[in-house]
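J.: Next input, structure requested:
(2 chains)
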2 protein chains.
Amino acid sequence: MTPEQMLDVAVIEARKGLAEGGIPIGAALFSSDGQLLGAGHNRRVQDDDPSVHAETDAFRAAGRQRGYRSTIMVTTLSPCWYCSGLVRQFNIGALVIGEARTFHGGHDWLAEHGVTVTVLDDPQCVTMMEEFIAAKPELWAEDIGE
Amino acid sequence: MTPEQMLDVAVIEARKGLAEGGIPIGAALFSSDGQLLGAGHNRRVQDDDPSVHAETDAFRAAGRQRGYRSTIMVTTLSPCWYCSGLVRQFNIGALVIGEARTFHGGHDWLAEHGVTVTVLDDPQCVTMMEEFIAAKPELWAEDIGE
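T.: Got it, this is the predicted structure:
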């Protein structure tokens, strides 16, 4: 699978979240050979749960794994510190990001700590977040603790 | 409430986790006036869920809050990068740690970024983790991604 194909899975998740009235951020965890281990999306609104970011949801959906070094986390948006910390703690080897224009999280820090980071700068991801932030600025601020 | 009294709440959570056959780490989130907002413990084993660390469980239990700057996160053990990221992203103002001998997580990084960090170096917390790590080293390694 190409990074773009993996991103497609995360985008489908983000759009599910948007359709549910939630925050449109999606993520997926893949094995090195392109097998989908788990996918998920932000569910702050849907589950009234501030701990479910897209990356944590995908990580949870993948279940208990013995080692993440060869896995790839794909997310529609640059990961916040919470989700960047997840990637670092569990030694997830690679990170593919849809876009980092509307939010610049911890991906530079992850690259400094050995994670292979790819930012695709995908226009549909940028548009999706721009429209969401314009429509629901308070919800977005809540989700990133601002 | 003193930091020691707040730690007692986290220790009770850790002991609950141990009694359930899980990893004995507990946490609690308090308001600045000592009101308990949420408490929880690691539930990797109990829920078969790698995303539930003690701090994320306490954060979830506190529900959606509009701002965390005046809150205090109390945890029996120095927070891993995942949980340190949570504290940083949501601008939790203070962190009280039972001990940082058996595991040194991201609390120095948090202090550098303005979080008020107190390490109590509590002997019962040290003993609880030492005994757990000796009894189940593989489970502990799994929980911290090693």
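
J.: so how far is stretch A:17-31 from its chain's centroid?
T.: Stretch A:17-31 sits 8 Å away from the centroid of its parent chain (Cα atoms, centre = their mean, to the nearest Å).

J.: Quick one: mean pLDDT over that stretch.
T.: The average pLDDT for stretch A:17-31 rounds to 98.

J.: Now the residue in chain A that chain B sits nearest to: phi and psi?
T.: Closest residue of chain A to chain B, Cβ to the nearest Cβ: A:G85 (2.4 Å). Where C-beta positions appear, they are placed from N, C-alpha and C, glycine not excepted. Note on A:G85: backbone dihedrals following degrees, to the nearest 10 are phi -60, psi -40.

J.: Name all residues that make contact with the closest residue in space to it that isn't next to it in sequence.
T.: Distances taken as Cβ to Cβ, 6 or more residues apart in numbering or on different chains place B:G85 nearest to A:G85, at 2.4 Å, with adjacent residues excluded. The contact partners of B:G85, taken as Cβ atoms under 8 Å, 6 or more residues apart in numbering or on different chains, are A:80-86, A:88, A:106, B:106.

J.: at 6 Å instead, please
T.: A:81-82, A:84-85 (Cβ atoms under 6 Å, 6 or more residues apart in numbering or on different chains).

J.: now do A:M6
T.: A:M6 touches A:30, A:74, A:96, counting by Cβ under 6 Å, 6+ apart.

J.: Could you dump these into TSV with neighbour count added?
T.: Formatted as TSV, the contacts of A:M6 follow (neighbours: other Cβ atoms under 10 Å in any protein chain shown):
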residue	neighbour count
A:F30	25
A:V74	31
A:V96	23
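
J.: Which one of these is nearest to A:A62?
T.: A:F30 (9.3 Å; Cβ to Cβ).

J.: Give me the phi and psi angles of the closest one.
T.: According to degrees, to the nearest 10, A:F30 has phi -120, psi 150.
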